[in-house]
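In: could you look at this predicted model? Sequence included:
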Amino acid sequence: NAGVTQTPKFRILKIGQSMTLQCTQDMNHNYMYWYRQDPGMGLKLIYYSVGAGITDKGEVPNGYNVSRSTTEDFPLRLELAAPSQTSVYFCASSPGRLNTEAFFGQGTRLTVV
Amino acid sequence: AQKITQTQPGMFVQEKEAVTLDCTYDTSDPSYGLFWYKQPSSGEMIFLIYQGSYDQQNATEGRYSLNFQKARKSANLVISASQLGDSAMYFCAMREDLIQGAQKLVFGQGTRLTINP
């Protein structure tokens, strides 16, 4: 069972570079989320999607973009990377209301130098 | 907006002892849900237990139980018979409504639990 798959697992970027974090889920979930976790902190919501073609901002969207062309995929784009974007990024999905767990990917550890 | 507070940055417990991790929450919604996640050093988020605000009984999952005290707005995680593998970061979280049925998780800052042999 694949669940939520994120790639890459680790990445080092130079300031000003761009990259896309990939997220794929095989559970046919409508809702997908991107969170970031700064050192010693809980997760904060960056962007989310309620289905193909529909996305919205979370708490900390600045410096990021998302798209949702299919149910399965929800990539997160970093434009002009900055040191403040050094963090661990988690993608998550859920079928509907969070009455049980949200399914998380393994995380992507990103360092901007 | 929902808020989660975990006041214990770190805890040290002897193996086989029970441990309680504190979590208090703040919300004005009558319907809410509370979650506990474990994050080992490998980094993944592992779901442990869920408690709904209208659930009549405290949630239990194996060695994990949730001490839910609604009037005090607390949802403490109890781990019985702790094991070395329980050493990890533990997060309390609460769901918050977004648009069109989406719900995000609002996390506390976490408690780092260390089990000593």
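Out: Thanks, I have the structure now. Numbers count the residues shown, from 1 in each chain, chains lettered A, B, ... in the order given.
In: which non-adjacent residue is nearest the closest residue to chain B within chain A?
Out: Closest residue of chain A to chain B, Cβ to the nearest Cβ: A:Gly42 (2.9 Å). Glycine gets a C-beta too; all of them are placed from N, C-alpha and C. Take A:Gly42 and drop its neighbours on the chain: the residue closest to it by Cβ to Cβ, 6 or more residues apart in numbering or on different chains is B:Phe107, 2.9 Å away.
In: so for the residue of chain A closest to chain B, what's the pLDDT?
Out: pLDDT for A:Gly42: 90.
In: counting neighbours, what do you get for it?
Out: For A:Gly42, the neighbour count with other Cβ atoms under 10 Å in any protein chain shown is 21.
In: what residues of stretch B:39-48 count as buried?
Out: Of all the residues in stretch B:39-48, those buried under the rule 16 or more other Cβ atoms under 10 Å in any protein chain shown are B:39, B:45, B:47-48.
In: in helices, which of the residues you listed fall?
Out: Within the buried residues of stretch B:39-48, no residue falls in helices by DSSP state H.
In: out of those, which touch chain A?
Out: Filtering these for neighbours of chain A using Cβ under 8 Å from any Cβ of the partner chain leaves B:45, B:47.
In: give me the spatial nearest neighbour of residue 88, chain neighbours excluded.
Out: If you meant another chain, say so; for now it's chain A. A:Gln37 (4.6 Å).
In: actually chain B
Out: Nearest one to B:Ala88, counting by Cβ to Cβ, 6+ apart, is B:Pro40 at 4.4 Å.
In: again, but for B:Gly52
Out: Once flanking residues are discounted, B:Gly52 sits nearest to B:Gly33: 5.2 Å by Cβ to Cβ, 6+ apart.
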